[in-house]
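> Mind looking at a prediction? Sequence and model below.
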There are 2 protein chains.
Amino acid sequence: MGSLPSDSLETLSLCSQNPLDHDEFRRQGHMIIDFLADYYKNVESYPVRSQVEPGYLSKRLPESAPNDSESIETILQDVTNDIIPGLTHWQSPNYFAYFPSSGSVAGFLGEMLSTGFNVVGFNWMSSPAATELESVVMNWLGQMLNLPKSFLFSSDDNAGSSGGGVLQGTTCEAILCTLTAARDKMLNKIGRENINKLVVYASDQTHCALQKAAQIAGINPKNFRAIKTSKATEFGLSPDSLQSTITADIESGLVPLFLCATVGTTSSTAVDPIGPLCDVAKKYGIWVHVDAAYAGSACICPEFRHFIDGVEEADSFSLNAHKWFFTTLDCCCLWVKDSGALVKALSTNPEYLKNKATESKQVIDYKDWQVALSRRFRSMKLWLVLRSYGVANLRSFLRSHVKMAKYFQRLIGMDKRFEIVVPRTFAMVCFRIKPAAIFPHEGENGGEVYLIENQVNDINAKLLESVNASGKIYMTHAVVGGVYMIRFAVGATLTEERHVTSAWKVVQEHTDALLGELNGNTTNLGFLD
Amino acid sequence: MGSLPSDSLETLSLCSQNPLDHDEFRRQGHMIIDFLADYYKNVESYPVRSQVEPGYLSKRLPESAPNDSESIETILQDVTNDIIPGLTHWQSPNYFAYFPSSGSVAGFLGEMLSTGFNVVGFNWMSSPAATELESVVMNWLGQMLNLPKSFLFSSDDNAGSSGGGVLQGTTCEAILCTLTAARDKMLNKIGRENINKLVVYASDQTHCALQKAAQIAGINPKNFRAIKTSKATEFGLSPDSLQSTITADIESGLVPLFLCATVGTTSSTAVDPIGPLCDVAKKYGIWVHVDAAYAGSACICPEFRHFIDGVEEADSFSLNAHKWFFTTLDCCCLWVKDSGALVKALSTNPEYLKNKATESKQVIDYKDWQVALSRRFRSMKLWLVLRSYGVANLRSFLRSHVKMAKYFQRLIGMDKRFEIVVPRTFAMVCFRIKPAAIFPHEGENGGEVYLIENQVNDINAKLLESVNASGKIYMTHAVVGGVYMIRFAVGATLTEERHVTSAWKVVQEHTDALLGELNGNTTNLGFLD
């Protein structure tokens, strides 16, 4: 068919080195491994919460990208000098804030393999192993959680026709997908013109991911019900409250659509009673999603499994393996009973993706189970975590965190100035300096309780800020039932008992200083404003 | 304050080794680097498209997770035996399918640092460096693209009050966020009860991400306009067609909302004329998003920049750095002019995330610019790519891909059996065996052209399947204007001229065989059914 075009070699002067050269990959890759190993070795010594001021980085970096290449040595020096001071160290053993982001060697290695292969697993064809490993590990983890078979893939199914699991990035996406599926299922029944009648239910303790998903899915903000909870139910959603809210909505001509029940709320790890809530919801054909983002992991331990009892009546269930399951961000595990509803709401079928495997209906195309078309090979990291540690060790790790939280709770119990605000259920303790420690004589005299509560809240906020500003440990706060409390969430992988012991000493020292200051000036608390 | 609880040491028997032990991290990390370096060294020898059958993996793996830990050596052996055969090798130099997923050493290292630090950068406070580095690199890349200042952060702004860039996972998410922002901005004006009147516009060549985003955002599927394109405009969207479609919708009482214009469509890398389309759209207050997922990267080269001329009139612009910019999946760069609209549509403000930095309004909380709350430190990998290679080399890499595509085009031109179906614009060539090579006498006799076109399509599909089944190279197809064409997309990082030369030989060999078979049996084409 003729000789090669004569100018091809001339015009194809490639750069001297290919950006994926395997020798350079090896050289630089080993450097980064050592860099990160040193980071883990030293992470305990860094201030946990970053101490930089807003805008610190743009002052240090050039205003535009370099024209010429820079060496990895230079870049790593800048990571040390400019990036690490601006990190809040989620991997520090002294990190007790928010919920953990629990890294592990296996999770990291899995992400490396996934990134190294860098396949785009939108459908089966685009990399069969990415799809099939995901289905396998989702069944493994589903079994570990003792999820009902209706949530798992069965070898009898046609692919994607019934239950199964999928890895999403985050709970927000998982909820958005299930809510969209529920919405379209309902609108197909009652007509799209009724979209503004659809109502979404949750407790006032539910994560803001639900509100955001509802906003995106076009649910009328007026129809978002954050049902009030109280100390009486330990801030779990009461089935009676759900029932009366639904009844009122139906009387107003609205259409109940979706309930998000939480196992382990963000503020206080409260647990909504899944079974009784499903009993109410199912009367109205409401899609029930169980969000166990944080606490779901613990349910692989038999002693915690009862917290998700009733899940067999729910429509979908999710947990974040990147929170408390040693799998690096992001990795949200979602199981659904009716994958067909997901696929119906989220599928697209352009010509350029058509292929024989899809047409055979023997495969899953996970692009139709999620928001995005492109998807990373996330199952690799979950597979490595499950295999590197095994079920027995994973249970043991989680139990060690719960034990450390119990230990912290006992330490609090030994200091009369403090109280536990809500009962500890998993590995998080919610506590505060109690009013009597601040106003020792108020209990005797009565007095303006409301004003006192506000001041107690302010003092606890001041304690938290004082502790965090020290950089020694990092905790965050929540407010439930009007009470400001400090959350102590154990779960950073490197945390050991000695870190809990030290953390408690830090809290005590800052409390000593704060209360000492107050005792010198009990009549004027104006500085707390 | 009393001594420590006496049972604490007894009950805290941790596992023998911490899952984030730095010595073990170092040992296993180095193993994986060598494993992946060897993978890149050998990837050329693997069949590009996986040759496994549906269900291959579940037959090889156990039905449940192991109870005890397994060694990394065992796991890597299984990756080699069970996973690699199930991969479609997007990093192979013989990969020319879909669009590239261009890995690089720098992109990989950036992902390692991001994964190693494993911070959850939902707001500034949760890790200032993650937020600030993102703003910096989005300004860098915006400048490289010569985006107007209205899309960039300015030091004069209050944070988040005007233009700027954000890293999303994928274009689907970027479009969903901008569409939701546009939707809520409009509904706040005309009332939520009018949600079913909102209309979304695009060409029939637009990526299915838009349709999916519209479905999720609750746009009435009846109001999704995929406006027909034709060969006359090289499959770009005609402003006249847009105008007449909008006019008809307004006459029907509908409300024009959103236009997605594409620079480099998936089927044929067609370019919608952004400026003239904006001129039409802006008369109606339509939000214009420019999706340059694939071709946007090329626009850092001055000779390609004109393809996004007119972007100054658009409202948002996105490209996928994980496609053709050496940054591993996932990394979609989105710039918007009115970040306030995004924040208004996507923000949540729960008590447990409140902090002083947010309240100061001096910082960006990127959680309000995207679907998910949690977010990875994606800017790290883009920063490493920009610095490791520098602007000059990046341009040179992209140009080398374009040159290789031109070279492939010339090779095609030398073989009279083939034709280029649509003009090549970037680094993708769309070609087919032409009708005259299959039916050499039809041109003279006239004949049933429609039937012939169908058979030509079938034969080209057969050629593609034959080539892909060989495992030697991997290409995919598209259909535009009824013509089935084979897409040859250059851009895998390891591809060099010799791979293009070999690829063409593979295509010719399979064509020889196919046409030979046909010539022996020209009267009965039934086997092609």
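Nice, thanks for sending it over.
> show me where pLDDT drops low in the stretch 1-150 of chain A?
By pLDDT under 70, the weakly predicted segments of the stretch 1-150 of chain A are A:1-16.
> just chain A next, same as before
Filtered on pLDDT under 70, chain A yields the residue ranges A:1-16, A:156-161, A:441-450, A:521-529.
> any bit of stretch A:232-242 sitting next to chain B?
No: using Cβ under 8 Å from any Cβ of the partner chain, stretch A:232-242 never reaches chain B; the gap is at least 12.9 Å. Every residue, glycine included, has its C-beta placed from N, CA and C.
> Equivalent analysis for stretch A:67-80, please.
Yes: Stretch A:67-80 lies within reach of chain B by Cβ under 8 Å from any Cβ, at A:67-70, A:72, A:74-75, A:79.
> Contacts made by that stretch with the rest, please.
Residues outside stretch A:67-80 that contact it (Cβ atoms under 8 Å, 6 or more residues apart in numbering or on different chains): A:28, A:31-32, A:35, B:109, B:113, B:384, B:387-393.
> do stretch A:118-130 as well
Here stretch A:118-130 makes contact (Cβ under 8 Å, 6+ apart) with A:117, A:131-132, A:134, A:353, A:355, A:357-358, A:363-367, A:373-377, A:379, B:49-50, B:52, B:54, B:56-57, B:82-91, B:98, B:101, B:103, B:328-329.
> so A:C172 touches A:A214, yeah?
No: contact criterion Cβ atoms under 8 Å: A:C172 and A:A214 do not qualify, at 11.0 Å.
> Next up, phi/psi of whatever residue of the stretch 201-350 of chain A ends up closest to chain B, please.
Residue of the stretch 201-350 of chain A nearest chain B, by Cβ to the nearest Cβ: A:G218 (2.6 Å). Note on A:G218: its backbone torsions stand at phi 80, psi 20 [degrees, to the nearest 10].
> Please give me every residue in contact with the residue nearest to it when sequence neighbours are not counted.
Distances taken as Cβ to Cβ, 6 or more residues apart in numbering or on different chains place B:G218 nearest to A:G218, at 2.6 Å, with adjacent residues excluded. Residues near B:G218 by Cβ under 8 Å, 6+ apart: A:183, A:195, A:217-219, B:183, B:195.
> Take those residues and write them to CSV, including distance to A:E44.
Shown next, in CSV, are those (distance: Cβ to Cβ, whole Å):
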residue, distance to A:E44
A:R183, 47
A:I195, 52
A:A217, 43
A:G218, 47
A:I219, 45
B:R183, 47
B:I195, 52
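> Pull the most distant pair out of the residues you listed.
Spatial extent of the contacts of B:G218 (Cβ to Cβ) is set by the pair A:R183 and B:R183 at 14.8 Å.
> Now rank the contacts of stretch A:67-80 by neighbours and give me the top one.
Among the contacts of stretch A:67-80, the one with the most neighbours (other Cβ atoms under 10 Å in any protein chain shown) is B:L384, at 31 neighbours.
> before we move on, what SS does it have?
helix (DSSP: H, G, I helix; E, B strand; the rest coil).
> what helix or strand is the closest residue to it other than its chain neighbours on?
Closest residue to B:L384 apart from its sequence neighbours, by Cβ to Cβ, 6+ apart: B:G110 at 3.8 Å. When elements are assigned from DSSP states H and E, B:G110 belongs to helix B:105-117.
> neighbouring contacts of stretch A:245-257?
Here stretch A:245-257 has contacts from A:182-183, A:186, A:190, A:194, A:197-201, A:219, A:223, A:225, A:227, A:280-281, A:284-287, using Cβ under 8 Å, 6+ apart.
> and those, which of them are in helices?
A:182-183, A:186, A:190, A:280-281 (DSSP state H).
> Are any of the residues you listed buried, and if so which?
Burial by neighbour count, judged by 16 or more other Cβ atoms under 10 Å in any protein chain shown, picks out A:182-183, A:186, A:280-281 from the ones in helices among the contacts of stretch A:245-257.
> ok so, going back, can you put the ones in helices among the contacts of stretch A:245-257 in a markdown table and add distance to chain B?
Shown next, in a markdown table, are those (distance: Cβ to the nearest Cβ, whole Å):
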| residue | distance to chain B |
| --- | --- |
| A:A182 | 12 |
| A:R183 | 7 |
| A:M186 | 12 |
| A:I190 | 13 |
| A:V280 | 25 |
| A:A281 | 22 |
